[in-house]
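> Sequence and computational prediction follow.
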Amino acid sequence: MLFDAFASAVHRYATRWTGDPSAAEDVVSLTFLEAWRLHEKLLPEGGSVLPWLLGIATNVMRRHWRSERRRLAAYARAVSHEPPGVLPDPDGDAIRAVARLPRRQREVVLLHAWADLSYEQIAIALNLPVGTVRSRLSRARRALADTPLALTEEPSRA
């Protein structure tokens, strides 16, 4: 049931993050495998499990990029020059601008702008206090101020 309900949302998020629909399929598979393994940690609170699943997907992609960075570094040492730093570019300058952000800011930006999660949902996904999410997004907004990526403030909740 979880897969049927949320696989497309996880796939969209992973595709935006990786820029590769094929890699996103791997992320979806690993995310739901990990969700099955961790299903006891999902507390029935009545809310959406999407933030929890996107948190798992974020961790899957972190592990992937860490190993990919190591592989590229080893390749660079073996051929004695740096490989080209070409990023998958479905959204042009916005992707490059987000890629330059520190990892912690990049994660909250992707969850907010591309997965359309609220601050509270991002906090759940990344296991952070809401205040930390707000400060990371604020710093990211300043860094992205002169780029085509528009990050608007979340409407205040009265």
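Perfect, I can see it now. Just so it is clear, the structure is predicted and the values come from calculations on it, not from any experiment. Numbering: from 1, shown residues only.
> just the helices in the chain please.
Using DSSP state H, the helices of the chain run over 2-18, 21-37, 50-79, 93-99, 103-109, 119-126, 130-143.
> so of these, which one's packed in deepest?
Of the helices of the chain, the one with the most neighbours on average (mean count of other Cβ atoms under 10 Å) is helix 119-126, at a mean of 21. All C-beta atoms are positioned from the backbone trio N, CA, C, and that covers glycine.
> Pull the residues that contact that helix.
48, 50-52, 54-55, 58, 107-108, 111-112, 117, 128-130, 132-134, 137, 154 (Cβ atoms under 8 Å, 6 or more residues apart in numbering).
> any idea how far residue 104 is from residue 135?
Note on residue 135: its distance to residue 104, by Cβ to Cβ, to the nearest Å, is 10 Å.
> Same check on residue 28?
Residue 28 is 24 Å from residue 104, where distance means Cβ to Cβ.
> try residue 41
Distance from residue 41 to residue 104, by Cβ to Cβ: 22 Å.
> Same question for residue 66.
Look at residue 66 and residue 104: by Cβ to Cβ, they are 14 Å apart.
> thinking again about what came up before, any chance of a markdown table for the helices of the chain, columns mean pLDDT?
Below are the helices of the chain laid out as a markdown table (pLDDT from 0 to 100):
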| stretch | mean pLDDT |
| --- | --- |
| helix 2-18 | 89 |
| helix 21-37 | 90 |
| helix 50-79 | 75 |
| helix 93-99 | 70 |
| helix 103-109 | 88 |
| helix 119-126 | 91 |
| helix 130-143 | 92 |
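> Brilliant, that's me finished.
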